[in-house]
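Peer 1: quick one: sequence plus predicted model below, questions after.
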Amino acid sequence: MEPTTARMPLIGSLCSGYGGLDLGVQTALGGAVAWHAEINADAARMLARH
């Protein structure tokens, strides 16, 4: 048998806001945010920065 390599989950986020729920999911499950979608200009600017 070949050893399996566990991959961290990729997270997609709709209606992301400032990313608080994304941080909670990352804390609980690990992984990384692969993409986000947000139409609010202020929130989108914050997400792009971080």
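Peer 2: Yep, that arrived. Keep in mind that what you see is a predicted model, and the values were worked out from it rather than measured.

Peer 1: ok, residue 18 - contacts?
Peer 2: Residues counted as contacts of residue 18 (C-beta atoms under 8 Å, 6 or more residues apart in numbering) are 43, 46-47. Every C-beta, even on glycine, is put in place using the N, C-alpha and C of the backbone.

Peer 1: what are the boundaries of the strands in this structure?
Peer 2: 10-14, 32-37 (DSSP state E).

Peer 1: now those strands in CSV, with mean pLDDT, mean neighbour count and distance to residue 25?
Peer 2: Converted to CSV, these look like this (pLDDT from 0 to 100; neighbours: other C-beta atoms under 10 Å; distance: least, C-beta to C-beta, whole Å):
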stretch, mean pLDDT, mean neighbour count, distance to residue 25
strand 10-14, 90, 13, 6
strand 32-37, 89, 13, 9
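
Peer 1: of the ones you listed, which is nearest residue 20?
Peer 2: Closest approach to residue 20 among the strands of the chain (C-beta to C-beta): strand 10-14, 10.6 Å.

Peer 1: just checking, what packs against the closest one?
Peer 2: Strand 10-14 sits against helix 20-29, strand 32-37, with contacts defined as 3 or more C-beta pairs under 8 Å, 6 or more residues apart in numbering; DSSP states H and E.

Peer 1: what's next to that strand, contact-wise?
Peer 2: 19, 21-22, 25-26, 29, 31-37.

Peer 1: ok, back up a step: can you tell me which of the contacts of residue 18 has the most neighbours?
Peer 2: Compared across the contacts of residue 18, residue 47 has the highest neighbour count, 19 neighbours, by other C-beta atoms under 10 Å.

Peer 1: roughly how far does that residue sit from residue 26?
Peer 2: Look at residue 47 and residue 26: by C-beta to C-beta, to the nearest Å, they are 14 Å apart.
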